[in-house]
Structures are given as structure tokens and as C-alpha cells.
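Colleague: return a 3D structure for these sequence lines:
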Amino acid sequence: TVKRDGQTLKSIPISGGSPDNPTYNGQMVISEKLEQTRMDGSTVGFGTKENSYNIPDVPHAMRLSSSGTFLHGNYWGSPSVFGKAGTSHGCIGLRDVKGGGGDTPGKWFFNESLVGDVVIVKNSHEQTVKPDNGLNGWNLSWSAWQQGSAA
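Modeller: As a prediction, the model looks like this:
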């Protein structure tokens, strides 16, 4: 569900991480936006052929963690998985088309988002993203944040 100033703009079905590779829970900050990028599983620890991937042209990619979690367009997944199944290696996928053209949820979300926007993931079977894995200090309590302060 996409909200701005407390008002719902749109609900978009996603595909999250698979049972073997669930998406992190918690609040993650968009730290980078790329209209198109290569995603290579060997760069984030998925080195064997059975569990790796190498997609040269992932559209509408927005980085959520330093360890390689992205919210991105997905043109290779069946439309039936969005809103129904987790199929990724931990990323959040939005229905899209190869090349990123057209009127798709992936393109809409990319165009409506800014670096610094917070994405909240709930009810995943994974742990909460660590505060130092990207710009994700939002997951610290105020007292824990103050303990790490220089003050």
C-alpha cells in the first residue's frame, strides 16, 4: 500500500522473497534509484548455479539495503505471482515489462518514489533488517539510537 501524507494512493500487488530467501522485515530507506541495472546473484552470496541469477536489464530498481535488497520491476515472473507468491532471493518485485516502458506498477512506483522514502515490510518470515545494512536506522528504538549517539 502506497501512502503519502497519510492518504492511500494505491495498493500494488508484489512478489517478495521465497521461503528459502525471505525479504527482510522492517523499515528500509530507498538509497538509490536506477532506471535499469544488472542484478548478479554472485555479488551478494548466491554463487552456485542452482540458486544464482544474472539479469542484465532489471527495470526500475530502488536499493533498500547495502546487502543487495531492492524493490524493482520484474518482467520475467508470471503475472500470477504478484500478490500471491514469494519467488525472489529477497527483493520486492513489482510487475513490469522488459525495457521498463508502458504503464506498469513498477514504473508507477519508481516515478512516485524519492531517494529517502521509507518502505515498510511486515509479516515476512525473515528477521528485521539491521540498522547498519543501508540507511535503516529507522528500526532502532529511540533509546538505542541515543546510546549510539556521539552526544
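Colleague: quick one: mean pLDDT for stretch 113-132?
Modeller: For stretch 113-132, mean pLDDT rounds to 94.
Colleague: report the distance from it to the chain centre.
Modeller: How far stretch 113-132 lies from its chain's middle: 8 Å, per CA atoms, centre = their mean, to the nearest Å.
Colleague: what comes into contact with that stretch?
Modeller: With contact meaning CB atoms under 8 Å, 6 or more residues apart in numbering, stretch 113-132 is reached by 16-17, 19, 22-33, 62, 64-66, 69, 71, 90, 92, 136-140. Placement of C-beta: from N, CA and C, glycine included.
Colleague: any of those residues buried? List them.
Modeller: The neighbour count (16 or more other CB atoms under 10 Å) marks 16-17, 22-31, 33, 62, 64-65, 69, 71, 90, 92, 136, 139-140 as buried among the contacts of stretch 113-132.
Colleague: how far away is the residue lying closest to Glu126 once chain neighbours are set aside from Met62?
Modeller: Spatial nearest neighbour of Glu126, excluding adjacent residues (CB to CB, 6 or more residues apart in numbering): Pro22 at 3.8 Å. Distance of Pro22 to Met62, given as CB to CB, to the nearest Å: 19 Å.
Colleague: cool, Gln127 as well?
Modeller: Counting by CB to CB, the gap from Gln127 to Met62 is 21 Å.
Colleague: and if you look at Asp96?
Modeller: According to CB to CB, Asp96 stands 12 Å off from Met62.
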